[in-house]
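> Coordinates only, no sequence provided:
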DNA sequence: TTTAAAATACATTCATGTATGTATGTTGTC
DNA sequence: GACAACATACATACATGAATGTATTTTAAA
C-alpha cells in the first residue's frame, strides 16, 4: 500500500524512490495474488494496485514468476529461518519449550494479519506447477534444516529422560510437521471456523500428551 | 486413458459411446490438470489427451470450470462419503478401530495410484480462488458431517472409559483432521520422502498414544 | 427426417513481452 | 561548480500469440 511520492507524471526517481516503487509493487502483488490467485493475477492489476504502469513492473521484474519468487525469497524463507532460530535457544525442558513455541507460532496466525495473508498466499493461493515449481524446490534445504532441529529437540528430551526411548525422533518430527501444517491450512482456509487462540493450546496439549 | 473406438473420423456415436467420450475427457482432464496445474491446463490439451477435438469438450462441458466441478463431484465427494461410511461400523474398541481406519486410509495413498493423482489434484494442483471457489464451499457440508462422525467416535470412547474425560471430543476431532490432512499433503507433495506403509502406523501410534 | 454427437472454422478477447520515447538523476571532467 | 555524456526509472505504444467461446458444418443414429 506504499504509494509513491506525488511527483508529476514521468519523472525520474532517485534510487531510494525506485526502491520504494519496487516495494510498492511487491506489496501490491501480495494483495492481487491473494485476491485473484497467482495464476489469474495480471501484471496490469498489480501495476494498477501499486499506482504505476506495467512499464515499471517490467523494469523491476522479469515477469510474474519473478515477482512471485522475489516474494518467496523475501517472505517465506525468512519465516522458516525465523522459526528455526526461535527453536535454537532451548530451555531446560525441551518438550515443554517446543510445545510453547508451537503454540506461539500458530497463535501468530491469528494476530499477525500480514503473516496470515502471506502464508495463505504460499499455501493456498497458488499451485507449484510449471514455472513456480523451482520455488518449492528451493525450500527443500530449509525444510530439511527445520526437521533436523526438531529431531535434535526430541533426542535431547530422550537423553534427559523426559521422552520415552521407544519413540523414534524421526517419526515425531514428521508427525509434528504434518500436524502444524494441517492446523495452519485448516485455519487459513477458514479462519472463522475456530479461534486459534483458544484451540492452539488444546491441540498441542493433545499432541504432547503423556510422552514421558 | 480410455481411447474411443477406432471408427473413422467424425462419426456420430451412440449414447454409450458418447458417455465413453465424456469419461475419456474427464480422465484426460485429470492427467492434464495434474501435469500442468488446473490454471495452466488448456481445453485443447485436454481434448488432445482424450483423442477428441475441443468441439467434443464443449459439447459435454460448459468450460474448464465445469470439467473441474464434474471431477470434484464424481471423485472428491464420493471419497469423503466413502470415508464417512467406513467409519460408521464401529468395533468394540472405538479408538482402536478409528486408528486402524486412519492407517488404512492413509496407506491407500501409497497403493492406489489413481487416488493419489486425484487427491493430489484437489489438494495440490489447484487453488480455489475465482470460479473454483464454489467447489470447496460445496464440501463444507461433507466436512461437517465428517467432523460429527469423528466426534461421536471420541464420545463413544469416553462413555466406554477408554478415553480420558478431560479431553474435548471437538478438540480431538480438529486435531485428527489437521493431522490427517498434514500427512496427506506432506506425502503427496513429496512421495519419495518417506514410505507411508512404514510411517503411517508409527504416526498414528504417536497420535493415539496413552489417551485412556 | 430429425437430431445427437461431434469436427471444423472463425471472431474476439486478453495478457504478455518488447520496443521506443522521455525526462530526470548521476557522474566524470574541466 | 558548471556542463556534457550517460544511465536510470519509468510511461506509452505496439505486435504477437494463445486461449476462449461461438457459429457452422458433417455424420450417423433414432
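Received the coordinates, thanks. All figures in this text were calculated on a predicted structure; none of them were measured in a lab.
> The residue of chain A found nearest DNA strand D and DNA strand C: what is the separation?
Ranked by Cβ to the nearest atom of the strand, the top residue of chain A for proximity to DNA strand D is residue A:55, at 2.1 Å. Every C-beta, even on glycine, is put in place using the N, C-alpha and C of the backbone. According to Cβ to the nearest atom of the strand, to the nearest Å, residue A:55 and DNA strand C sit 5 Å apart.
> And whichever helix or strand that residue is part of, what does it pack against?
Assigning secondary structure by DSSP states H and E places residue A:55 in helix A:54-60. Helix A:54-60 sits against helix A:15-36, helix A:43-49, with contacts defined as 3 or more Cβ pairs under 8 Å, 6 or more residues apart in numbering or on different chains; DSSP states H and E.
> would JSON lines of those with mean neighbour count, distance to DNA strand D and mean pLDDT be doable?
Below are the helices and strands packed on helix A:54-60 laid out as JSON lines (neighbours: other Cβ atoms under 10 Å in any protein chain shown; distance: least, Cβ to the nearest atom of the strand, whole Å; pLDDT from 0 to 100):
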{"stretch": "helix A:15-36", "mean neighbour count": "18", "distance to DNA strand D": "3", "mean pLDDT": "92"}
{"stretch": "helix A:43-49", "mean neighbour count": "18", "distance to DNA strand D": "7", "mean pLDDT": "96"}
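> and residue A:93, which of the ones you listed is closest to it?
helix A:15-36 (38.1 Å; Cβ to Cβ).
> after the strand or helix carrying residue A:66, next one along is what?
Assigned by DSSP H and E, residue A:66 belongs to helix A:64-71. Of the helices and strands lying after helix A:64-71 in sequence (DSSP H and E), the nearest is helix A:77-88.
> could you point out which element follows that following helix?
Counting by DSSP H and E, what follows helix A:77-88 is helix A:94-111.
> Let me know the angle separating that next one from helix A:77-88.
For helix A:94-111 against helix A:77-88, the angle by axes from the mean of the first three to the mean of the last three Cα atoms, to 10 degrees is 150 degrees.
> which residues are in contact with the least confident helix or strand in chain A by mean pLDDT?
Between all helices and strands in chain A, the lowest mean by mean pLDDT, DSSP states H and E belongs to helix A:77-88, at a mean of 80. Applying Cβ atoms under 8 Å, 6 or more residues apart in numbering or on different chains, the contact partners of helix A:77-88 are A:98, A:101, A:105, A:115, A:118-119, A:138-139, A:142-143, A:145-146, A:149-150, A:153.
> Among the residues you listed, which are located in strands?
Per DSSP state E, strands hold no members of the contacts of helix A:77-88.
> Quick check: phi and psi on residue A:37?
phi 90, psi 140 (degrees, to the nearest 10).
> show me what contacts residue A:53?
If you count contacts by Cβ under 8 Å, 6+ apart, then residue A:53 has residue A:47 around it.
> Assign a three-state SS to residue A:209, would you?
Assigned by DSSP: H, G, I helix; E, B strand; the rest coil, the conformation of residue A:209 is coil.
> count of neighbours near it?
14 (other Cβ atoms under 10 Å in any protein chain shown).
> in the longest helix anywhere in chain A, what counts as buried?
Longest helix of chain A, by residue count under DSSP state H: helix A:133-159. Using 16 or more other Cβ atoms under 10 Å in any protein chain shown as the test for burial, helix A:133-159 gives A:135-136, A:139, A:142, A:146-147, A:149-158.
> Equivalent analysis for stretch A:79-99, please.
A:79, A:83, A:87, A:90, A:94-95, A:97-99.
> Let me know the closest of these to residue A:188.
Nearest member of the buried residues of stretch A:79-99 to residue A:188, counting by Cβ to Cβ, is residue A:79, at 13.6 Å.
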